[in-house]
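> 3D model of this:
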Amino acid sequence: MDLMVKVFTLEQKIPEDYLPVSIYPQNSWGIISQNNLIALCIAWKEEELWHWGRYAVDPQWRGKGLGKRLAFRSLNEMFESGVEEIHIDARDITLKLLTQFGGKVIGESFDFYGPVTPMRLRAKDFLNNTAEQGEK
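As a prediction, this is how the structure comes out:
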């Protein structure tokens, strides 16, 4: 919760009570350094759709490629488990990354404590795009 507060509440001004994902089933991934969570993301299934988000990297650890590796691993694990598509409401920096992975914009940007863009990432597009980039 500390990392989510640091990134989402303090940086993006998203209220703390919105942060926990209380929808199940869900999966989560993180990167830990010296017993501190420095990056995280969560996927959850809501009304037959998988969603991916709460994607955050501690500001002190940004720019080192950790976020990209975490995103790749989490999405790859989801698709390897049989998930066919994932929906994401992405901020600009995440939009760019997910587009590299094969994500497609599926609607107009809207305001959620800053602009977010609805996206869809399909397993086949992810696998095609990440194989081309040498991610696998």
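
> which other residues reach the strand of greatest length in the chain?
Longest strand of the chain, by residue count under DSSP state E: strand 36-46. Residues outside strand 36-46 that contact it (CB atoms under 8 Å, 6 or more residues apart in numbering) are 2-4, 21, 23-32, 50-58, 60-61, 66-67, 70-71, 74, 78, 86. C-beta here means a position set from N, CA and C on the backbone, and glycine is covered the same way.

> at 7 Å instead, please
With contacts defined as CB atoms under 7 Å, 6 or more residues apart in numbering, strand 36-46 is touched by 3, 21, 23, 25-32, 50-58, 61, 66-67, 70-71, 74, 78, 86.

> Likewise for stretch 93-107?
For stretch 93-107, the surrounding residues in contact (CB under 7 Å, 6+ apart) are 55, 68, 71, 75, 88, 90, 117-121, 125-126, 128-130, 133.

> If we use 6 Å, what do you get?
55, 71, 90, 117-121, 125-126, 129 (CB atoms under 6 Å, 6 or more residues apart in numbering).

> how far does that stretch sit from the chain's center?
11 Å (CA atoms, centre = their mean, to the nearest Å).

> just checking, which of the contacts of strand 36-46 belong to strands?
26-32, 50-57, 86.

> Of these, just the buried ones, PyMOL syntax please.
Buried residues among the ones in strands among the contacts of strand 36-46 (16 or more other CB atoms under 10 Å), as a PyMOL selection:
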select buried, resi 27+29+31+50+51+52+53+54+55+56+57+86
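
> circling back to that earlier point, columns secondary structure on top of the contacts of stretch 93-107, output as TSV?
Shown next, in TSV, are these (DSSP: H, G, I helix; E, B strand; the rest coil):
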residue	secondary structure
Tyr55	strand
Ala71	helix
Ala90	strand
Thr117	strand
Pro118	strand
Met119	strand
Arg120	strand
Leu121	strand
Asp125	helix
Phe126	helix
Asn129	helix
